[in-house]
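Peer 1: The sequence isn't on hand, but the structure is:
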């Protein structure tokens, strides 16, 4: 057996199907495997990269069909890593409900790796991003050009030796995204970067034959504000405000995901009351996000009434968040190990009142839209995404479920006590815009169900862990005794010091699986943080959805994908 | 506010019988009336890119209701608008787009820089974010906040109305002198390390120990206390 040649692999690891299958198939090309915080990470030689990925995808025992994330990591001057760069791939198996992480070292002198775009369509942009950020060349990639940064950019910014603040000024934007034949009589139009239906700034170039879209190509990066570079110079707390600005329609959920990822890395869970409050506010944020998504989508199609109806409900949720933490939109309410402070005394009553108001608004929107003939004609059988393509592109959340894939992180890998609540996961059948809309509407109702259950049994107790290496001691103690004062000082000065290691913390954001891949070197700054943004994958498939359809449908489709620029470009 | 209140000072008092006959006519200058009309029917162009655009939506929504200031007709075409809200971070990639859109707006035009990202880069002091839109376009009112509250925006719109009435307009981009200014963290780990290594080698060649190393300390000579000590 090939695995006999690998004494480093313990029997417990070999029980993991992924490790067993890969070690048998790859032999000495499997460089190692680890199990840290319940996550399996397999390192393979880059010679076996393609083979390993296709095995993970197609082996019946593994079945990792859902593409999640691909990124580079720069281990400059870190002796424990054999090469400077590592390319990391995350996959998920919907049938087995398991994640896997595949790593491969890439040397600095020859940073090349074969592309996996034939296996996963979603890998296209991720590989372009890895090239843009790290200069890792993916051989055989169809279009390896700058994705997030602009064409006048020099260097690869996420490399550790690239100074964080080094700017390059762009004079001329990229003119052509499509390869248009010179004598073509088709019309080329640009949707965006500044376009009323592009919520945020992204751009699509479409080749029109009359009203029919013959070809389309998307460009992103207009909101690339360097989240991943900035947080490498921040402590684990200081990242929280940055996470708020990823998906700013439901900012609380991003902080929630970040706190869970770091708590996983630390091995310190938050107290039950904090988790329950997090669930309540996360679900309110989900409702709010779906409100914005649906109402602005139909505003673009000419129906403005739902916007006014649900924005009143959204304003109520803002008031609720404001009563908890003082901010409306960018809340920064979560802390590592709990919450910044306890909720107000009348929190439960306030939540119930808000929920009633909000659900009334949702009902009105439902009445206005669901059976509206104009609306259904604009939405039915438009932008159909097949189940296989949705998995291959790595779609997430309501969009993935709209295509008929039954998966939800809240149910399949419960966090924050979601296993205590009873809720359904709605799934679509055809994968068109109307299905995505229906899934969102049902999720609003399910969120309300979860909130009601959580309110009924909201536990008492502290809202942040009593661990002086993670959470600041209460102010009364800091002013009262020397030990707490020193704890406070040490924590502020040294920051949270997690163990060295890597975790992937996944939560179900409003748009789908929001993952934080955190690499720690044991110091107070994260070595590398990669966000797995759900709408990045969704938007990647957008040009494909346009092709062959009417240009007017482009507007109906984009709204249903709920692309949020802050999360898309980070 | 009635028309007469707004135009106070610019109009001749209409109740003064000598100016008009019978109270149906008021006299004023064309300029004052045009400005009054202009400030009461602002057509804003929302250049929304990020989180601030969401708060901007709240401003135009039913609760805060920008229509109270006559500015609810949002135009997504710059050619039909006279006030641009730059709501959100402007990365370098978007810079030429912002400039083009600003140039397409007809004169006279005003710009509100909404939030700290648009005003100064905010807490994104990094390689791809413009450190304030005034590098490229003139800004009339800066609104602080991340994001600013809708009340802050209402105040900004009222400031713009004041500016319109008093013919004030920002002339040139205020930050033109710092186009391409770098963000924070302008050091390079590897370059710094190479610099130190070079310095160490030079010192070693000169017979000196590297900086910060105390290896040249000689052991303290033993003090001879003499035979008679004690």
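Peer 2: Noted; the coordinates are in hand. All of these numbers come straight from a predicted model, not from anything done at the bench.
Peer 1: closest point of the stretch 451-570 of chain A to chain B, which residue?
Peer 2: residue A:566 (5.3 Å; Cβ to the nearest Cβ). Every residue, glycine included, has its C-beta placed from N, CA and C.
Peer 1: Using the three-state scheme, assign that residue.
Peer 2: Using DSSP: H, G, I helix; E, B strand; the rest coil, the structure places residue A:566 in helix.
Peer 1: close enough to count as contact, it and residue A:200?
Peer 2: Yes: counting by Cβ atoms under 8 Å, residue A:566 does reach residue A:200; the two are 7.3 Å apart.
Peer 1: what do those two both touch?
Peer 2: Shared contacts of residue A:566 and residue A:200, defined by Cβ atoms under 8 Å, 6 or more residues apart in numbering or on different chains, comprise A:223, B:50.
Peer 1: the strands in chain B, which residues?
Peer 2: B:44-48, B:83-87, B:110-114, B:141-143 (DSSP state E).
Peer 1: And the second one, what does it pack against?
Peer 2: Spelled out, it's strand B:83-87. Here strand B:83-87 touches strand B:44-48, helix B:51-60, helix B:95-104, strand B:110-114, helix B:115-120, going by 3 or more Cβ pairs under 8 Å, 6 or more residues apart in numbering or on different chains; DSSP states H and E.
Peer 1: Could you count how many residues lie near the spatially closest residue to residue B:161 that is not a sequence neighbour?
Peer 2: Take residue B:161 and drop its neighbours on the chain: the residue closest to it by Cβ to Cβ, 6 or more residues apart in numbering or on different chains is residue B:39, 4.2 Å away. By other Cβ atoms under 10 Å in any protein chain shown, 24 other residues sit near residue B:39.
Peer 1: In this structure residue B:39 contacts residue B:164, no?
Peer 2: Yes: with contact defined as Cβ under 8 Å, residue B:39 reaches residue B:164; the gap is 3.9 Å.
Peer 1: Any regions of chain B where pLDDT drops low?
Peer 2: B:1-24, B:185-192, B:212-230 (pLDDT under 70).
Peer 1: 80 instead?
Peer 2: Applying pLDDT under 80 to chain B flags the ranges B:1-27, B:61-63, B:175-178, B:180-196, B:208-230.
Peer 1: Distance of the most centrally placed residue in it relative to residue B:139?
Peer 2: What sits nearest the mean C-alpha location of chain B, by Cα atoms, centre = their mean, is residue B:119, with 1.7 Å. Distance of residue B:119 to residue B:139, given as Cβ to Cβ, to the nearest Å: 8 Å.
Peer 1: Quickly list what's touching both of the two.
Peer 2: Joint contacts of residue B:119 and residue B:139 (Cβ under 8 Å, 6+ apart) are B:113, B:133.
Peer 1: Just list the residues touching the residue nearest to residue B:161, thanks.
Peer 2: Contacts of residue B:39 by Cβ under 8 Å, 6+ apart are B:70, B:160, B:161, B:164, B:165.
Peer 1: JSON lines for those, including neighbour count?
Peer 2: Below are the contacts of residue B:39 laid out as JSON lines (neighbours: other Cβ atoms under 10 Å in any protein chain shown):
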{"residue": "B:70", "neighbour count": "16"}
{"residue": "B:160", "neighbour count": "23"}
{"residue": "B:161", "neighbour count": "22"}
{"residue": "B:164", "neighbour count": "23"}
{"residue": "B:165", "neighbour count": "18"}
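Peer 1: can you tell me which two in those residues are farthest apart?
Peer 2: Across the contacts of residue B:39, the longest distance by Cβ to Cβ is 13.0 Å; it joins B:70 and B:165.
Peer 1: Can you pull the domain assignment for chain A?
Peer 2: Under the assignment automatic domain parsing, the domains of chain A span A:2-139, A:227-569.
Peer 1: Now render those as TSV, adding mean pLDDT and mean neighbour count.
Peer 2: Formatted as TSV, the domains of chain A follow (pLDDT from 0 to 100; neighbours: other Cβ atoms under 10 Å in any protein chain shown):
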stretch	mean pLDDT	mean neighbour count
domain A:2-139	86	19
domain A:227-569	89	21
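Peer 1: hmm, back to that, can you tell me which of the helices and strands packed on strand B:83-87 is most buried?
Peer 2: Greatest average neighbour count among the helices and strands packed on strand B:83-87 goes to strand B:110-114 (a mean of 27), per mean count of other Cβ atoms under 10 Å in any protein chain shown.
Peer 1: Tell me if that strand is near chain A.
Peer 2: No: on the criterion Cβ under 8 Å from any Cβ of the partner chain, strand B:110-114 is out of touch with chain A, staying 12.6 Å away.
Peer 1: Now tell me what touches stretch A:493-500 from outside.
Peer 2: Under the criterion Cβ under 8 Å, 6+ apart, residues A:235-237, A:262, A:265-266, A:336, A:469-470, A:520-525 lie in contact with stretch A:493-500.
Peer 1: what distance separates that stretch from the centre of its chain?
Peer 2: Relative to its parent chain, stretch A:493-500 has a centroid offset of 25 Å by Cα atoms, centre = their mean, to the nearest Å.
Peer 1: and if you look at stretch A:461-475?
Peer 2: Stretch A:461-475 sits 28 Å away from the centroid of its parent chain (Cα atoms, centre = their mean).
Peer 1: now stretch A:204-220
Peer 2: 27 Å.
Peer 1: coming back round to it: would JSON lines of the domains of chain A with distance to residue A:184 be doable?
Peer 2: Formatted as JSON lines, the domains of chain A follow (distance: least, Cβ to Cβ, whole Å):
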{"stretch": "domain A:2-139", "distance to residue A:184": "25"}
{"stretch": "domain A:227-569", "distance to residue A:184": "16"}
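Peer 1: so which of these comes closest to residue B:150?
Peer 2: Of all the domains of chain A, domain A:227-569 sits nearest to residue B:150, with 8.6 Å by Cβ to Cβ.
Peer 1: Shouldn't residue A:407 be within a strand?
Peer 2: No: counting by three-state DSSP, residue A:407 is not part of a strand but coil.
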